[in-house]
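S.K.: Sequence and predicted model, in that order:
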Amino acid sequence: MSEFLASKYAGLSPYVPGEQPKDRTYVKLNANETSVPPCPGVAAALADPKLAEGLGRYADPHCMPLREAVARTLDLTPEEVFCGNGSDEVLGFLLLTFCEPGSRIAFPDVTYGFYRDFSMTQGLDGHQIPLREDFTLDVDAFAAFDGTVVFPNPNAPTGLAIAPSDVERICAAHPERLVIVDEAYVDYGSTSCAPLVRTHRNLVVVHTMSKSRNLAGAHIGWCVAQADLIRDLNDIKFSFNPFNLSAPTMAIGIAALEDEAYFERCTSAICQTRAQTTAALEDLGFTVLPSMTNFVFATHPTLEAATWCARLREEGVLTRYYDAPRIANWLRITIGTPQEMDVFLDKTRLILGR
């Protein structure tokens, strides 16, 4: 680090995204992306000559057309929607807006690493609440915590989800504190808590278009909450980065939201391939957690996860390994196309055979 780095970052361990190597062609199952293109309307939106002609002007800082599209999808109002440059930015704005320096915040011990990083960079008092022995969320512990709580539902990298009734219990336990539910993977079989923001004032539900809408490269996120919370978020955004989404980004986001049939086909295909992959891994002796996401989390009694990951990489298949307590012998595998998963399974059989 340089001598100019603020001292508050001295102990920072930055989040490490899934690698994006360019040295060869890989089957990429390491970053929960998709090799399936977005709906046809996305390409049509980008080809609109009016979009290029308007690039000399700033885009709508209120993101209103996109907020209206999200609201239609969720049966909410645009005033209940905040949009950002990916769900990570939305999460950052939430903590910047609603947490004082030193505020207490809790997140699971096995979860998305960004929560820990946000806690550190924003000077919050972070607390890790251990998952249960079976990797499920300890709802009672989160309900008892008296500060802000944030967790993915379904969780990552485990893929496990809790019911909306459990989220309601966490909200009701301490109505004076914020409950942030990150639903990046909710479209793969679990139930969204977005409708609950009407009845739970302290609930914020975060979403992304990087997964189920096949738009990781566009980086579009949003959250929903009661209207005055959204106004607070926009006030902070306008004091920091008013033009956080470009006109092309919003145009393709709107196009993706309008094609519900394509969305349903894509998510249904992932769920079907996930079930087939899980069954195949179990036939090979792996334990696979019951995932509700576009990835699976697996372990084997004799094949170490680090070895499995490294050998798959040698064979041209990328997966995600976490050298971390409790999950050091588990591997996260994104669910790709059936053809991609066939390659992954064939290479896994080859490695086991060695």
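M.R.: Yep, that arrived. Numbering: from 1, shown residues only.

S.K.: any idea of the pLDDT on the residue most central in space within the chain?
M.R.: With distances taken as Cα atoms, centre = their mean, Ala184 lies nearest the centre of the chain, 3.5 Å away. Looking at Ala184, its pLDDT reads 98.

S.K.: wait, what's in contact with it?
M.R.: Contact analysis of Ala184 by Cβ atoms under 8 Å, 6 or more residues apart in numbering lists 87, 152, 156, 206-208, 210-211. To be clear about C-beta, it is placed using only N, CA and C from the backbone, and glycine gets the same treatment.

S.K.: Repeat that for Glu80.
M.R.: By Cβ under 8 Å, 6+ apart, the residues touching Glu80 are 71, 197, 224-227, 230.

S.K.: tell me which element the closest residue to Gly84 other than its chain neighbours is part of?
M.R.: Nearest non-adjacent residue to Gly84, counting by Cβ to Cβ, 6 or more residues apart in numbering: Val90, 3.9 Å away. Val90 is part of helix 87-98, with elements assigned from DSSP states H and E.

S.K.: and the following helix or strand past that helix, which residues are buried?
M.R.: Remark: after helix 87-98, the chain's next helix or strand is strand 104-108, criterion DSSP H and E. By neighbour count on 16 or more other Cβ atoms under 10 Å, the buried set for strand 104-108 is 104-108.

S.K.: ranges for the helices of the stretch 251-354 of the chain?
M.R.: Here the stretch 251-354 of the chain has its helices, by DSSP state H, counting those that start in this stretch, at 260-283, 305-314, 338-353.

S.K.: Out of the ones you listed, which gets nearest to Tyr58?
M.R.: With Cβ to Cβ, the closest approach to Tyr58 among those belongs to helix 260-283: 29.6 Å.

S.K.: Could you check the angle that closest one makes with helix 338-353?
M.R.: 10 degrees (axes from the mean of the first three to the mean of the last three Cα atoms, to 10 degrees).

S.K.: Centre of the chain to helix 260-283, how far?
M.R.: Centre-to-centre, helix 260-283 and its host chain are 18 Å apart (Cα atoms, centre = their mean, to the nearest Å).

S.K.: what comes into contact with it?
M.R.: For helix 260-283, the external contacting residues (Cβ under 8 Å, 6+ apart) are 34, 36, 39-40, 73, 187-189, 212-214, 256, 288, 291, 294, 296, 298, 333, 335-338, 341, 344-345, 348.

S.K.: Make sure Thr249 is indeed in a helix.
M.R.: Yes. Applying DSSP: H, G, I helix; E, B strand; the rest coil, one finds Thr249 inside a helix.

S.K.: Now do the same contact list for it.
M.R.: By Cβ under 8 Å, 6+ apart, the neighbours of Thr249 are 85, 218-220.

S.K.: quick one: pLDDT of it?
M.R.: 97.

S.K.: go on, Asp23?
M.R.: Predicted confidence (pLDDT) for Asp23: 83.

S.K.: Also Ser7?
M.R.: 87.

S.K.: ok, it to Met1 distance?
M.R.: Distance from Ser7 to Met1, counting by Cβ to Cβ, to the nearest Å: 10 Å.

S.K.: pLDDT below threshold where in the stretch 51-200 of the chain?
M.R.: For the stretch 51-200 of the chain, applying pLDDT under 70 flags no range at all.

S.K.: just the helices in it please.
M.R.: In the stretch 51-200 of the chain, the segments counted as helices under DSSP H, counting those that start in this stretch are 64-74, 87-98, 114-121, 139-144, 164-173.

S.K.: Let me see the domain layout of the chain.
M.R.: The chain breaks down into these domains under automatic domain parsing: 19-37+261-353, 40-258.

S.K.: just to revisit the earlier point, need the winner for burial among the helices of the stretch 51-200 of the chain.
M.R.: Most buried of these by mean neighbour count (mean count of other Cβ atoms under 10 Å) is helix 87-98; its value is a mean of 21.

S.K.: looking just at contacts, which helices and strands does that one meet?
M.R.: With contacts defined as 3 or more Cβ pairs under 8 Å, 6 or more residues apart in numbering; DSSP states H and E, helix 87-98 has these neighbours: strand 81-84, helix 114-121, strand 148-152, strand 179-182, strand 203-208, strand 221-224, helix 227-238.

S.K.: In JSON lines, list those along with distance to Thr302.
M.R.: Below are those laid out as JSON lines (distance: least, Cβ to Cβ, whole Å):
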{"stretch": "strand 81-84", "distance to Thr302": "44"}
{"stretch": "helix 114-121", "distance to Thr302": "32"}
{"stretch": "strand 148-152", "distance to Thr302": "31"}
{"stretch": "strand 179-182", "distance to Thr302": "35"}
{"stretch": "strand 203-208", "distance to Thr302": "36"}
{"stretch": "strand 221-224", "distance to Thr302": "40"}
{"stretch": "helix 227-238", "distance to Thr302": "49"}
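
S.K.: That's all I had, so thanks and see you.
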